[in-house]
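# Just to be clear, the model below is a prediction. Sequence and coordinates:
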Amino acid sequence: MHIVVCIKQVPDSAQIRVHPVTNTIMRQGVPTIINPYDLFSLEEALRLRDQFGGKVTVITMGPKMAIEALKKCISYGADEAILLTDKVFAGSDTLATSFALASTIAKIGETEKVDMVFCGKQTIDGDTAQVGPGIARRLGMQQLTYVAEVEKVDLDKGEIVVHRRSEGGVQVLATKLPCLVTMLEGSNEMRYGTMDDLFRAARYEVIEWDHKAAGITAPNQCGLKGSPTVVKKVFAPPPKAVKAQMVATEGKSPREVADALLDGLFAKHPKLETEIGQ
Amino acid sequence: MSAEDMDQEQSTPVASAPRRADGADLSVYHGVWVFIELERGKVHPVSWELLGEGRKLATHLGVPVSGVVLGPDAPETLAACDGAFEYGADSVYLMRDEVLADYRTDPYTAGLTDMVQTFKPEIMLLGATTLGRDLAGALATTLATGLTADCTELRIDDETRSLAATRPTFGGSLLCTIHTLEYRPQMATVRPRVMAMPERMPGKRGQVIEHACQVAETDIITKILSFIPDSDAEKAQLAYADIVVAGGRGLGKPENFKLVQDLAAVLGGDFGGSRPVTHAGWIAADRQIGQTGKTIRPKLYIAAGISGAIQHRVGVEGADVIIAINNDPNAPIFDFATFGVVGDALQILPALTEALRERLAARKAAQ
């Protein structure tokens, strides 16, 4: 079984803070991480590979520094990693990104048939959840988003059954391979890489492809040129005027703090008192 | 090329490059469409919220706003059309067929693509739900047009007559305004609870334009084997709850989440959690609150052991009152909470539950 996993290196948004006075974001020293949602998809791909044999190829589009994220994937147990890097990709929106990644996957498939593609549910920086569906459309693959569980895969018949989260319940879906899956968070837990994989990752040379290597003959569909959306303005959100009213805690029992808090709350918002417990 | 250049959401502002050298006439695209999300007989309220927003855009443009309904040939589908009129649609575009009985990507994408190409709306809005996001990403790709996700503000730019869609980026630390200048329709998704619910006009009706579905069941590869509805206990109505209690990593371990649930139960509210605890599987994924989870706008929000990173803040700022409990006095959550308690959530939460239980009992006794 050959599985391609698409990942993205993102700034760790949990560590970005807004400067309280200037209201600008403090980006200095914010580390980059593998988009957390991608790890659930990578782990699921690794599990399927372990079960059926075969190979997991991880790809990303990004600058050279993304090599670090790909090596991390190797350390978790991925078999191969390809970095799609080229200045023609700069400024890609989701449509152009899905074009570049779909082209890359098609190219990979020329030498080694691809049975499944995994993507993160969404990224934590862009948050669009659009690239996965875009890739599936372009490759003519069935699209299975928000998958909570891969129930079974029958490689001989080329069939897969998954549990897909939808509003108000879970759809149990059966479809054919090849397909594209995005995993729901919490659906599995990323393994610790083995010592072998850690050593392999340290030595591993990530394969670098430019647009030609990825078989892209229409660079005008990439990057800024291939992006229908145009970013007109970037700005900081307006600051919140008031700081929290702090409840004194010194020398007080938890119960006294709780009562002081509730007294303060209901004094200021008497209507809330009538609405609770309904 | 830096990481920031890789995505629309991160790139710096650029001048609009002249495209459409093919001379395609974009003025044939006319009107604002709102996708009415009908699933298992029910319309997601985000569709009504979007009709309210669509109405404003349409009025500004001097064009009609329409609902677009896809579903099975059933009374619920027609009820969805009526709902669209009552929440402000001038007309409804309707596609009825059994292949549309339950949501699947392929028939919905094919059906909606067909309708868009036939009737050519200039703007298409969808809810950023699991269904809406799955569909919007596929639809924008088949239509080869621009799609802006999770918008928090939609306006018309008078100079270009284009949709100016503003959305948070970098986990909510910045906002950016995105236009689709050379392609139509201009697509955008908006999360539930971000836009206000418009007033309902009971009995209002309009024209239904029906379009035949060209997709046959035999064309569809993905089959639905079954649907497992959430039990009432699991059914997270989080986005629409009036009172929400949430916990974060500061609770220490999954078992302590019960303290959050207990308080939520006494208050008659719902519960949720931050990204780290949902990722760790302490609570179900659809209970995540924040930029990557749900947006809430309750009357009262209590956050326990949540530091209040920007991506969390974005999802809760709409709350009327925010109470934060955290043992770190420097936690960013105190920068935007209404009331703050510096202390151990594991002690304060049960104390609050107990205090409230007694007050409620006293209230009942007094009645």
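Thanks, I have the structure now. Numbering: from 1, shown residues only, chains lettered A, B, ... in the order given.

# Could you report the distance from B:Glu98 to B:Glu37?
Note on B:Glu98: its distance to B:Glu37, by Cβ to Cβ, to the nearest Å, is 19 Å. From N, CA and C alone the C-beta is placed, and that goes for glycine too.

# likewise B:Leu267?
30 Å.

# Show me what the one helix or strand B:Ala110 maps to is packed against.
Secondary structure assignment for B:Ala110, by DSSP states H and E: helix B:105-119. Judged by 3 or more Cβ pairs under 8 Å, 6 or more residues apart in numbering or on different chains; DSSP states H and E, the packing partners of helix B:105-119 are helix A:131-139, strand A:142-154, strand B:65-71, strand B:91-96, helix B:130-143.

# Residue of the stretch 101-250 of chain A nearest chain B, please.
A:Pro133 (3.0 Å; Cβ to the nearest Cβ).

# What residue, apart from its backbone neighbours, is nearest that residue spatially?
Of all residues not flanking A:Pro133 in the chain, B:Gly137 sits nearest, at 3.0 Å (Cβ to Cβ, 6 or more residues apart in numbering or on different chains).

# now do A:Lys72
Distances taken as Cβ to Cβ, 6+ apart put A:Ile34 closest to A:Lys72, at 5.9 Å, once the chain neighbours are dropped.

# For the residue nearest to A:Pro133, the count of nearby residues, please.
B:Gly137 is flanked by 31 other residues according to other Cβ atoms under 10 Å in any protein chain shown.

# List the residues that contact the residue of the stretch 201-350 of chain B found nearest chain A.
In the stretch 201-350 of chain B, no residue comes nearer to chain A than B:Gly340, which is 3.5 Å away by Cβ to the nearest Cβ. B:Gly340 makes contact with A:244-247, B:323-326, B:333-334, according to Cβ atoms under 8 Å, 6 or more residues apart in numbering or on different chains.

# re earlier: which of the helices and strands packed on helix B:105-119 is buried the deepest?
For the helices and strands packed on helix B:105-119, the largest average neighbour count (mean count of other Cβ atoms under 10 Å in any protein chain shown) is found in strand B:65-71, namely a mean of 27.

# Check which helices and strands that strand is in contact with.
For strand B:65-71, the elements it packs on are strand B:32-36, strand B:38-39, helix B:45-61, helix B:75-86, strand B:91-96, helix B:105-119, judged by 3+ Cβ pairs under 8 Å, 6+ apart.

# I'd like the ones you listed as JSON lines, with mean pLDDT appended.
Below are these laid out as JSON lines (pLDDT from 0 to 100):
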{"stretch": "strand B:32-36", "mean pLDDT": "98"}
{"stretch": "strand B:38-39", "mean pLDDT": "95"}
{"stretch": "helix B:45-61", "mean pLDDT": "97"}
{"stretch": "helix B:75-86", "mean pLDDT": "98"}
{"stretch": "strand B:91-96", "mean pLDDT": "98"}
{"stretch": "helix B:105-119", "mean pLDDT": "98"}
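
# Now render those as JSON lines, adding distance to A:Val150.
Converted to JSON lines, the helices and strands packed on strand B:65-71 look like this (distance: least, Cβ to Cβ, whole Å):
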{"stretch": "strand B:32-36", "distance to A:Val150": "29"}
{"stretch": "strand B:38-39", "distance to A:Val150": "23"}
{"stretch": "helix B:45-61", "distance to A:Val150": "29"}
{"stretch": "helix B:75-86", "distance to A:Val150": "32"}
{"stretch": "strand B:91-96", "distance to A:Val150": "32"}
{"stretch": "helix B:105-119", "distance to A:Val150": "17"}
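
# okay, those, which one's buried deepest?
strand B:32-36 (a mean of 30).

# can you list the residues that contact it?
Strand B:32-36 is contacted by residues B:43, B:47, B:50-51, B:54, B:57-58, B:61, B:63-69, B:80-81, B:83-84, B:89, B:92-93, B:112, B:116, B:121-127, B:132, B:135, B:185 when judged by Cβ under 8 Å, 6+ apart.

# about what we covered before: quick one, what contacts the residue nearest to A:Lys72?
A:Ile34 touches A:7-10, A:42, A:69, A:72-73, counting by Cβ under 8 Å, 6+ apart.

# which one of those residues has the most neighbours?
Tallying neighbours with other Cβ under 10 Å puts A:Cys73 at the head of these, with 30 neighbours.

# wait, it sits on A:Ala81?
Yes. Counting by Cβ atoms under 8 Å, A:Cys73 does reach A:Ala81; the two are 6.0 Å apart.

# got any residues that touch both of those two?
Between them, A:Cys73 and A:Ala81 share these contacting residues under Cβ under 8 Å, 6+ apart: A:Val58.

# And A:Leu95, how far from B:Tyr93?
Look at A:Leu95 and B:Tyr93: by Cβ to Cβ, they are 24 Å apart.

# I misspoke; the intended subject was B:Arg359.
Counting by Cβ to Cβ - B:Arg359 and B:Tyr93 are separated by 52 Å.

# B:Arg200 too?
As judged by Cβ to Cβ, B:Arg200 and B:Tyr93 stand 21 Å apart.

# With A:Lys232 instead?
Going from A:Lys232 to B:Tyr93 by Cβ to Cβ gives 30 Å.

# where do the strands sit along the stretch 251-367 of chain B?
Using DSSP state E, counting those that start in this stretch, the strands of the stretch 251-367 of chain B run over B:270-273, B:300-304, B:321-326, B:339-342.

# okay, those in JSON lines with mean pLDDT and distance to A:Asn220 next?
JSON lines is the format used below for the strands of the stretch 251-367 of chain B (pLDDT from 0 to 100; distance: least, Cβ to Cβ, whole Å):
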{"stretch": "strand B:270-273", "mean pLDDT": "96", "distance to A:Asn220": "44"}
{"stretch": "strand B:300-304", "mean pLDDT": "97", "distance to A:Asn220": "48"}
{"stretch": "strand B:321-326", "mean pLDDT": "96", "distance to A:Asn220": "48"}
{"stretch": "strand B:339-342", "mean pLDDT": "96", "distance to A:Asn220": "53"}
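
# So for A:Ala258, which of these sits nearest?
strand B:339-342 (8.6 Å; Cβ to Cβ).

# can you confirm B:Met124 is in a strand?
Yes. Assigned with DSSP: H, G, I helix; E, B strand; the rest coil, B:Met124 falls within a strand.
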